[in-house]
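Chemist: below are the sequence and a predicted model for it; my questions follow.
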Amino acid sequence: MSPTCTLPYEVLFEFVNNTSEPTTMQVLRQDSGSPSGATILVHRGENVSLVLTAGQPYKYAMKHKGVEARVSVKLWNDTHCNISDIFPTASSPARTPVRNDEPYVVVTEGVAVTSFANGRMAASR
């Protein structure tokens with residue numbers, strides 16, 4: 001049996017704006033969920049690549065067409081995430097948790113939307 005590596009390692013996380021509208025992205029503080037830095041504008045067809053420590057939790061606020069999604073990320077492998085997978089559309093099926101202890105919607109392994117909000121409604125967990 002070979003030993004398991006316990007050293008931290010890095011993974012690449014890529015947000016891809018595959019929509020026709022620009023999207024903004026902001027890193028959130030882990031403890032309070034408040035904004036902690038600059039806002040990044042991601043135009044149609046662009047992407048943002050982030051180098052993260054594997055297994056560490058990260059939070060982001062993504063805003064698209066006036067709707068903000070809070071996204072929780074905890075990855076063990078290189079991953080990409082399309083903006084269109086984060087934001088529901090009129091043709092998307094209803095996105096609700098399967099159980100009360102699950103995130104609002106799992107986008108891909110290690111990436112989950114924990115809340116949506118805009119000027120008229122808020123659905124948060």
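Modeler: Yep, that arrived.

Chemist: pLDDT at Ala94, what is it?
Modeler: Listed pLDDT for Ala94 reads 52.

Chemist: my bad, should have said Ser32
Modeler: 76.

Chemist: burial count for it?
Modeler: Ser32 has 9 neighbours, counted by other CB atoms under 10 Å. All C-beta spots, glycine's among them, are computed from the backbone N, C-alpha and C.

Chemist: and it, how far from Lys59?
Modeler: Distance, Ser32 to Lys59, by CB to CB, to the nearest Å: 10 Å.

Chemist: any stretches of the chain with poor pLDDT?
Modeler: 1-5, 89-104, 119-125 (pLDDT under 70).

Chemist: all strands for it, in order.
Modeler: Per DSSP state E, the chain carries strands over the ranges 10-16, 23-28, 35-42, 47-53, 58-64, 67-73, 79-82, 105-108, 111-117, 122-124.

Chemist: and those strands as CSV, adding distance to Pro88?
Modeler: Converted to CSV, the strands of the chain look like this (distance: least, CB to CB, whole Å):
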stretch, distance to Pro88
strand 10-16, 17
strand 23-28, 14
strand 35-42, 19
strand 47-53, 21
strand 58-64, 11
strand 67-73, 9
strand 79-82, 13
strand 105-108, 8
strand 111-117, 8
strand 122-124, 10
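
Chemist: so can I have JSON lines of these showing mean neighbour count?
Modeler: Converted to JSON lines, the strands of the chain look like this (neighbours: other CB atoms under 10 Å):
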{"stretch": "strand 10-16", "mean neighbour count": "17"}
{"stretch": "strand 23-28", "mean neighbour count": "18"}
{"stretch": "strand 35-42", "mean neighbour count": "13"}
{"stretch": "strand 47-53", "mean neighbour count": "13"}
{"stretch": "strand 58-64", "mean neighbour count": "20"}
{"stretch": "strand 67-73", "mean neighbour count": "20"}
{"stretch": "strand 79-82", "mean neighbour count": "17"}
{"stretch": "strand 105-108", "mean neighbour count": "17"}
{"stretch": "strand 111-117", "mean neighbour count": "19"}
{"stretch": "strand 122-124", "mean neighbour count": "11"}
